[in-house]
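Chemist: here is my input; please provide its structure:
(chains A and B)
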Amino acid sequence: MSGRATRTIRVDTLARVEGEGSLYIKMVGERVADVKLKIYEPPRLFEAFLRGRHFSEAADITARICGICPIAYQMSAIHAIERALGVHIDPAVRLLRRLFYCGEWIESHTLHVYMLHAPDFLGFPDVIAMARDHREVVERALRLKKIGNRIVTLLGGREIHPISAAVGGFYKVPTKSQLRELVEDLEWALEASLETVRWTAGLSFPDFEQDYEFVALCHPDEYAFNEGRLKSNRGLDIDAAEYEDHFRELHVQYSNALHSVIRGRSSYLVGPMARFNLNFDKLPEVAQKVAMQAGLRPPVKNPFRSIVVRAVELVFACAEALRVIHEYQPPTVPRVDVPNRAGVGQAITEAPRGILYHRYALDENGLIVTAKIVPPTSQNQKRIEDDLREYAAQLVAWPLEEATWKCEQAVRNYDPCISCATHFLKVQIDREDPHGG
Amino acid sequence: MSSKKKRKPKIGVFKFASCDGCQLSLLDAEDELLAVAGAVEIAYFPEATRAVLKGPYDIGLVEGSVTTHHDAQRIQQVRRECKTLITIGACATAGGIQALRNWKDVDEFIRVVYATPQYISTLKLSTPIAEHVPVDFELRGCPINKYQLVEIITATLAGRKPNIPSYSVCLECKRKGNVCIAVARGIACMGPVTQAGCGALCPSYDRGCYGCYGPMESPNTASLTNQLRILGQADDQIVRSFRGFNAWAWQFRKASEECEHK
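Modeler: Residues are numbered from 1 along each chain as shown, chains lettered A, B, ... in the order given. Below you'll find the model as predicted:
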């Protein structure tokens, strides 16, 4: 049997992603015959048991879809319900929600850049092993992550499943002086984020570019979090209410997560690269400048460089948090009263991993009649498979073990959150001799 | 003194149906993470590492509830491999929010979410780990408190009883000097029947406790139900209050069913 005979790569655990899934790649000679990203995270059926719950419970319940990005769930749920009920929030609340999201982006991006993704580039199994040779880098990461968590904890009470965000505002809002206490940490965090961009830019990247349809929320004046139109580089330009007219979810047999596609086209990419490419001009100058210095110019089309893009978004999140803190004047009331009434509302917000769509229909008692949730990872799922189909073809001559690790890394480019998409990742590569070997 | 270096205890982190938030608490312990990693060998923790060491493990931390046939078998294997098995969080200790299916027709639930229900395999009930295997300690919370997690790992390694209170959130409120929001402002609050551990978070943020740490030791749920009625809550609201993240914990389950079937 020659080297082109049937070869099977199996990695039973693709680690450092949030949740449970597996990857199967079949190679026949030099051709990639099949790629399946399988998600066997057990279904938890949120959209079903949300029915009959009161709208005020949706933010707390949907937060439990994901322990990594609970704020994203709270923001999409709250904004969708506010649209259903015609609620207008205080501009100060709007600012605080931006700050809240900055905290989650800092915490989540730092976790992924340093603790989940960087070990791939440097050849370590995990951040603990990485800390033995790169102690200072890991200490910087832990401090940065802690500052993100500090913002979340101040606004929301705790870092995981915070308790203060509500339809109409917050249960309790911070004082100006409480926010000012964050400034010193955030000034350090901004410097550390700039250093993160320079550090990640020095990693080595495979030569791999794809022609993506990037989809992100776009706002005329801001790098969007909670508001804006959904746009793409191929002409998509819609309101959240039109989302389901333009996107479809497909149920495939091997996965407990639904695959999203754009109607009439196919897979698309959401998350840091999409936002960076569509909204580069809305980034603060400090983030634009360091991105250019790092050699990043939109459109970035190499998904392995997403680690640098995430670092640029860290710079944005720190700078934005500082801006909000300087501008903040507490609202007259923490939250406006929201009476029960019937309605339907949709919202899209930018979770750390990309757009998160929620729709709720409410009855006259404020109880949820139907709910629909489309998380970023299920939107990227098909795109991850498409990347792997192309990328694995470059690896046919590689030793199995290295090829497998590179494929895992290619999956982690997307910071997939399988808990969200329903959750654990196994990689399996089959290589088969086309001549029947 | 023996020159032989003492073997570090091996820890495994195992996930079932959950949101990953409780195991993330370990990575969120930024000040303790490197110290913990120095004191133990992280032998199995897929969220953090691709390295895998075979069992047996000295401590197994289990997150998540059992919702599939496969997981019902897997927990048996995990139990056999772990000397001390600790369940962390509301999913593992009480079935989690996904236990709301336990009162409904799960097949109908699947039809709501998935276009091709026959592709989905799941159990009718979402159940806590202790319904399947003996558990050495249950750490409550949705999510757990990271300091309680560090405490329980430390206590287990030292062979002592962990210092985790089983009294109610009310005690934490009193200790913080909070004015009682239920008494003073008529806000419905689950604090009197909910185990402490969060630091009376919700009442400190001007909202009622929603019971995410589950039932305290011997809760008087009937009395709270009466109190909630006095505050003007309708029975369907009271049912929902007990039927949250710890709905399947028997004390809360009993309370919600009594209210529903009254």
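
Chemist: which parts of the stretch 151-262 of chain B are helices?
Modeler: Ranges of helices within the stretch 151-262 of chain B are B:169-176, B:181-185, B:201-204, B:221-230, B:235-242, B:250-260, based on DSSP state H, counting those that start in this stretch.

Chemist: quick one: A:Met130 is in a strand?
Modeler: No. If the criterion is DSSP: H, G, I helix; E, B strand; the rest coil, then A:Met130 is helix and not within a strand.

Chemist: setting aside sequence neighbours, what's the nearest residue to it?
Modeler: Distances taken as C-beta to C-beta, 6 or more residues apart in numbering or on different chains put A:Phe124 closest to A:Met130, at 4.3 Å, once the chain neighbours are dropped. From N, CA and C alone the C-beta is placed, and that goes for glycine too.

Chemist: check B:Thr116 too.
Modeler: Once flanking residues are discounted, B:Thr116 sits nearest to A:His251: 4.7 Å by C-beta to C-beta, 6+ apart.

Chemist: any idea how far that neighbour is from B:Gln118?
Modeler: 10 Å (C-beta to C-beta, to the nearest Å).

Chemist: and those two? Which one has more around it.
Modeler: Neighbours were tallied for A:His251 and for B:Gln118 using other C-beta atoms under 10 Å in any protein chain shown; the higher tally belongs to A:His251 (16 against 8).

Chemist: number of nearby residues for the closest residue to B:Val150 other than its chain neighbours?
Modeler: Leaving aside its sequence neighbours, B:Val150 sits nearest to B:Glu32 (C-beta to C-beta, 6+ apart; 5.4 Å). Residues lying near B:Glu32 (other C-beta under 10 Å) number 17.

Chemist: quick check: B:Glu32 touching B:Glu151?
Modeler: No. Between B:Glu32 and B:Glu151 there is no contact under C-beta atoms under 8 Å: 10.5 Å.

Chemist: find the nearest non-adjacent residue to A:Ala392, please.
Modeler: Spatially, and ignoring its direct neighbours in sequence, A:Ala392 is nearest to A:Val32 (4.7 Å; C-beta to C-beta, 6+ apart).

Chemist: the one you found in helix, strand or coil?
Modeler: Going by three-state DSSP: A:Val32 is strand.

Chemist: any idea how far it is from A:Tyr391?
Modeler: Distance of A:Val32 to A:Tyr391, given as C-beta to C-beta: 9 Å.

Chemist: and the residue of chain A found nearest chain B, which of the three is it?
Modeler: Residue of chain A nearest chain B, by C-beta to the nearest C-beta: A:Gly67 (2.1 Å). Judged by three-state DSSP, the three-state class of A:Gly67 is coil.

Chemist: give me the more crowded residue out of A:Val32 and A:Tyr391.
Modeler: More crowded of A:Val32 and A:Tyr391, by other C-beta under 10 Å: A:Tyr391, with 24 against 21.

Chemist: other SSEs contacting whatever helix or strand the more buried one lives in?
Modeler: Per DSSP states H and E, A:Tyr391 falls inside helix A:376-393. Judged by 3 or more C-beta pairs under 8 Å, 6 or more residues apart in numbering or on different chains; DSSP states H and E, the packing partners of helix A:376-393 are strand A:21-28, strand A:31-39, strand A:259-262, strand A:354-362, helix A:400-412, helix A:418-421.

Chemist: residues contacting the third one, please?
Modeler: Strand A:259-262 is contacted from outside by A:213, A:215, A:232, A:236, A:246-252, A:267-268, A:374, A:378-379, A:381-382, using C-beta atoms under 8 Å, 6 or more residues apart in numbering or on different chains.

Chemist: among these, the buried ones, what's the PyMOL command?
Modeler: In PyMOL, this line selects whichever of the contacts of strand A:259-262 come out buried by 16 or more other C-beta atoms under 10 Å in any protein chain shown:
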select buried, chain A and resi 213+215+232+236+247+249+251+252+267+268+374+378+379+381+382
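
Chemist: now, the contacts of strand A:259-262 that are in strands?
Modeler: Of the contacts of strand A:259-262, the ones assigned to strands by DSSP state E are A:Val215, A:Ser232, A:Phe247, A:Arg248, A:Glu249, A:Leu250, A:Val374.

Chemist: what pLDDT is listed against the nearest residue to B:Leu157 once chain neighbours are set aside?
Modeler: Computed as C-beta to C-beta, 6+ apart, the closest residue to B:Leu157 that is not its neighbour in sequence is B:Pro9, at 5.9 Å. The model reports B:Pro9 with a pLDDT of 94.

Chemist: and for the one 4 residues further on?
Modeler: At B:Val13, the pLDDT value in this model is 95.

Chemist: next one: phi and psi at it?
Modeler: With angles defined as degrees, to the nearest 10, B:Val13 sits at phi -120, psi 120.

Chemist: burial check on it, number of neighbours?
Modeler: For B:Val13, using other C-beta under 10 Å, the count is 22.

Chemist: by mean pLDDT, show me the worst of the helices and strands packed on helix A:376-393.
Modeler: helix A:418-421 (a mean of 58).

Chemist: all helices of the stretch 201-350 of chain A, in order?
Modeler: Using DSSP H, counting those that start in this stretch, the helices of the stretch 201-350 of chain A run over residues A:243-246, A:272-279, A:285-293, A:306-327.

Chemist: I'm done for today, thanks for sticking with me.
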